[in-house]
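Asker: Return atomic coordinates for the entry below.
(2 chains)
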Amino acid sequence: MDKILAKKDFPQWLKKLRAYRLFAPRLIEEVWNYEVVDDPDHYVLPDVQTVVPVKKVVFPARECFFEFEETDGTTLTLTERRPDAPATVVFGVRPCEGKALTLTDSVFGGTFDDPYYGERRKATAIVGLACNTPPSSDCFCLSVGGAPHSTEGLDILLTDLGETYYAQALTETGKKLINEGGALFSEPKAEDRKTVERLRPESERRLTRRLENIKNVPAKLKGMFDAPLWDEESLSCLRCGICTYLCPTCHCFDMNDEVESTVPLRGKKVRTWDTCQFPDFTMHSSGHNPRPDKAARLRQRINHKFQYFVEIWKDYQCTGCGRCIALCPVGIDIIKVVEKVRDYGS
Amino acid sequence: MVKIEDLRAEAQRLLKGGTVKYIIGYERPAGSWKANPVFLKNPEETDRLVWDPTCYHNLVRFLIDEKRRKAKSKEPDPRPVGVVVKGCDSRAVVVLLQEKFISRLDVYLIGVSCEASGVIDERKLERKLAGKKVRGVAFGPAGSFTVTTDDGTVEVPAAEVLADRCRDCIANVPVVSDHLLGDKTKRTVAKPFQAAEKVEAMAPDARWSFWEEQLGKCIRCYACRSACPMCYCDECVADSICYAVTPDTTAEEKAQKIKWVERSPVDSENFFYHFVRAIHLAGRCIDCGECERACPVGIPLRLLNKKLEKDAKELFGYDVGLDADQPALISCFRDDDPGDFIR
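Answerer: Residues are numbered from 1 along each chain as shown, chains lettered A, B, ... in the order given. Sure thing, here's the model as predicted:
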């Protein structure tokens, strides 16, 4: 199903979807993020890349699994907390993030089913916005199996045609959302479809960054565990969590008991984001750390994305959004690191 | 103006003569208009060094890594490390010397003067250019910046794109160095604490809401801590299990370790983390502004530190990081210290 929506009617559509919790990119003090749309009347969909990826909606930075409480001095009561997962629609999601969601779906819905992620994911519809121009100068989706007009992981893909959006429903959920817009949507003309066909290759040509010929990288990484390259490339790493916390595909977490009271015992079991880039991620209680330095941690980030994930899920765990490049305080560039791996020893 | 040939020649001299074990400086990678830290060992590589208004990183922070590496090494190389320092960075060296975290012989400082300007704020520049692609930024005449874009070259007045920290800077020329490049004329700043004064002027309720909103954005990536040259503790109160455990740490010691702050990015824990960090920087923060620049979600962290720097100045007449021979503020006591700050 494909339709046309006039841009001026976009707020009207949002209003018709009032029953859902709506997220869309919003600028707060120079930082774009997916925020709840509180003023649909005046909302204009921007052509941007947010700082925090859409994963925060389905995999929040913190969630409670259960609460524990000591009652009568001896009994411990556990109360399960299932996720608060209201029906949600996220607008303006870039195709690389849609693809990223499908990768995270494999992890959390694969061998083990993570009901917390699953419930939120099921309740969340993704309305993508095709990248006619790359939203970041570090985008390289084409090199890792994506494309600026890719539909993977999306329920609807919107393409900006100037005054209108060309809306392509990709799932039943997507069709339903368009149907809820009713008369706001009209049938596309043949020339609209032609414009989209033209924009697709144009947008691909606009991408300035590439990571080419990386087919050999997964196999090559296997033999590079002790390569001096990791030391050299990680020298300037600050060991912060930016590259992973803000990666749309990184999904590591930690679980902790947050004790609010010791007598009587009361607290919560919570899950929070965690990252392989923190020294304590692999710290053993003995004091031994199998990934003792920055080199080992950079190697892990690259290995996970370009070797381990490929072995398990047959795809790179990188969708080329470029956030880790653009936001790294010292300019560590995953494209350049992987290129060095590719060319290593040749 | 700093001549890049002089900087490269000095670096080459140091590496050729084996005076330093390596040099930490700036380079501009191919295809990028922004500088990155670079670590050079080979005298043939010194042509990679650059000095431009995107050299905002405080390279002194890498002396923490160096110290850790040295501590682990069985046969540590005793030679100093060469570091390119701006005025603010040199103040960080002063604090590390005062605190005896490093000794003067551990570093060879190549000072670069920021002269009449400083470093740029990338976000300000991007906004100013409204989508135009930057090709390069250079120091221009009279404190301006020369910005090259696809459409040509423009002179941008410093006031429009200068990093906020540079507007408040009290050390445009390095305060300590072994080899100083560029103009040594010191600039004076009429109001070095204007950033803090804006927040001080808020009513307590408004100030609380302000910080609630700002710190509410925190995702706890710890980039502020990681970029900070003063955050050198092996054990940080913010980490749940990152305390300095060694094979000799007993089970009891581990069990008794108090978890001061939870990992959850919620208001209470975010406040705790940021305020503890700020307090630990009292009389130590030299306002290189790297915490704020590194923050991906735009928390104005300098405001907290600036307030403490202002307090150090107003209550104790203490200027942070200007004099390595003076004892550190929080490790000394003077008879004329005001008594009314503890009640």
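
Asker: got the residue ranges for the helices in the stretch 101-250 of chain B?
Answerer: Per DSSP state H, counting those that start in this stretch, the stretch 101-250 of chain B carries helices over the ranges B:122-129, B:158-161, B:164-167, B:194-200, B:204-215, B:223-227.

Asker: Switch the ones you listed over to a markdown table; also include mean neighbour count and distance to chain A.
Answerer: Quick note: C-beta positions are derived from backbone N, CA and C, even for glycine. Putting the helices of the stretch 101-250 of chain B into a markdown table (neighbours: other CB atoms under 10 Å in any protein chain shown; distance: least, CB to the nearest CB, whole Å) gives the following:
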| stretch | mean neighbour count | distance to chain A |
| --- | --- | --- |
| helix B:122-129 | 16 | 6 |
| helix B:158-161 | 17 | 14 |
| helix B:164-167 | 20 | 12 |
| helix B:194-200 | 16 | 14 |
| helix B:204-215 | 13 | 9 |
| helix B:223-227 | 24 | 4 |
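
Asker: In JSON lines, list those along with mean pLDDT.
Answerer: Shown next, in JSON lines, are these (pLDDT from 0 to 100):
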{"stretch": "helix B:122-129", "mean pLDDT": "89"}
{"stretch": "helix B:158-161", "mean pLDDT": "90"}
{"stretch": "helix B:164-167", "mean pLDDT": "92"}
{"stretch": "helix B:194-200", "mean pLDDT": "88"}
{"stretch": "helix B:204-215", "mean pLDDT": "96"}
{"stretch": "helix B:223-227", "mean pLDDT": "97"}
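
Asker: To residue B:325, which of the ones you listed lies closest?
Answerer: helix B:164-167 (25.6 Å; CB to CB).

Asker: who's in contact with the closest one?
Answerer: By CB atoms under 8 Å, 6 or more residues apart in numbering or on different chains, the residues outside helix B:164-167 that reach it are B:88, B:114, B:117-119, B:121, B:189, B:194-195, B:287-289, B:292, B:302.

Asker: Compare the helices of the stretch 101-250 of chain B and give me the one nearest residue A:199.
Answerer: helix B:122-129 (25.1 Å).

Asker: Neighbours of the residue of the stretch 51-200 of chain A found nearest chain B, how many?
Answerer: In the stretch 51-200 of chain A, the residue found nearest to chain B is residue A:62; the distance is 4.4 Å by CB to the nearest CB. Here the count is done by other CB atoms under 10 Å in any protein chain shown, and residue A:62 has 20 residues near it.

Asker: was I right about it contacting residue B:265?
Answerer: Yes. With contact defined as CB atoms under 8 Å, residue A:62 reaches residue B:265; the gap is 5.8 Å.

Asker: what sits in contact with each of those two?
Answerer: Counting by CB under 8 Å, 6+ apart, the residues touching both residue A:62 and residue B:265 are A:272, A:273.

Asker: pLDDT weak spots in chain B?
Answerer: Within chain B, the ranges that satisfy pLDDT under 70 run B:240-244, B:341-343.

Asker: Domain map for it?
Answerer: B:1-189, B:191-320 (automatic domain parsing).

Asker: Minimum distance to residue A:174: which of those domains has it?
Answerer: domain B:191-320 (30.0 Å).

Asker: roughly how far out does the closest one sit from the chain middle?
Answerer: Centroid separation for domain B:191-320 versus its chain: 14 Å, with CA atoms, centre = their mean, to the nearest Å.

Asker: Can you tell me which residue is spatially central in chain B?
Answerer: residue B:288 (3.6 Å; CA atoms, centre = their mean).

Asker: pull the longest helix from chain A.
Answerer: helix A:190-206 (DSSP state H).

Asker: Which secondary structure elements does it sit against?
Answerer: strand A:164-169 (3 or more CB pairs under 8 Å, 6 or more residues apart in numbering or on different chains; DSSP states H and E).

Asker: gap between residue B:291 and residue B:216?
Answerer: 17 Å (CB to CB, to the nearest Å).

Asker: Looking at the two, which has the bigger crowd around it?
Answerer: residue B:291 (29 against 14).

Asker: The more buried one belongs to a helix?
Answerer: Yes. Assessed with DSSP: H, G, I helix; E, B strand; the rest coil, residue B:291 lies in a helix.

Asker: show me what contacts the residue nearest to it when sequence neighbours are not counted?
Answerer: Nearest residue to residue B:291, sequence neighbours excluded (CB to CB, 6 or more residues apart in numbering or on different chains): residue B:224, at 3.7 Å. Taking CB under 8 Å, 6+ apart as the criterion, residue B:224 is in contact with B:274, B:277, B:291, B:292, B:294, B:295, B:299, B:301.

Asker: give me the number of residues near the fourth one?
Answerer: Counted with other CB under 10 Å, residues neighbouring residue B:292 total 22.

Asker: same check, this time on the last one
Answerer: By the measure other CB under 10 Å, the count of residues near residue B:301 is 25.

Asker: That one contacts residue B:291, correct?
Answerer: Yes. Between residue B:301 and residue B:291 there is a contact under CB under 8 Å: 4.4 Å.

Asker: Which stretches in the chain count as strands?
Answerer: As the question left the chain open, I've gone with chain A. For chain A, the strands defined by DSSP state E cover A:2-6, A:21-28, A:31-36, A:62-71, A:75-80, A:88-93, A:124-129, A:156-160, A:164-169, A:185-186, A:253-261, A:266-273.

Asker: Wait, chain B was what I had in mind.
Answerer: B:23-27, B:36-40, B:81-85, B:107-112, B:134-139, B:145-149, B:152-156, B:179-181.

Asker: Turn the ones you listed into JSON lines, including distance to residue B:212 and mean neighbour count.
Answerer: Shown next, in JSON lines, are the strands of chain B (distance: least, CB to CB, whole Å; neighbours: other CB atoms under 10 Å in any protein chain shown):
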{"stretch": "strand B:23-27", "distance to residue B:212": "37", "mean neighbour count": "24"}
{"stretch": "strand B:36-40", "distance to residue B:212": "34", "mean neighbour count": "21"}
{"stretch": "strand B:81-85", "distance to residue B:212": "37", "mean neighbour count": "25"}
{"stretch": "strand B:107-112", "distance to residue B:212": "40", "mean neighbour count": "24"}
{"stretch": "strand B:134-139", "distance to residue B:212": "35", "mean neighbour count": "18"}
{"stretch": "strand B:145-149", "distance to residue B:212": "36", "mean neighbour count": "19"}
{"stretch": "strand B:152-156", "distance to residue B:212": "35", "mean neighbour count": "13"}
{"stretch": "strand B:179-181", "distance to residue B:212": "44", "mean neighbour count": "18"}
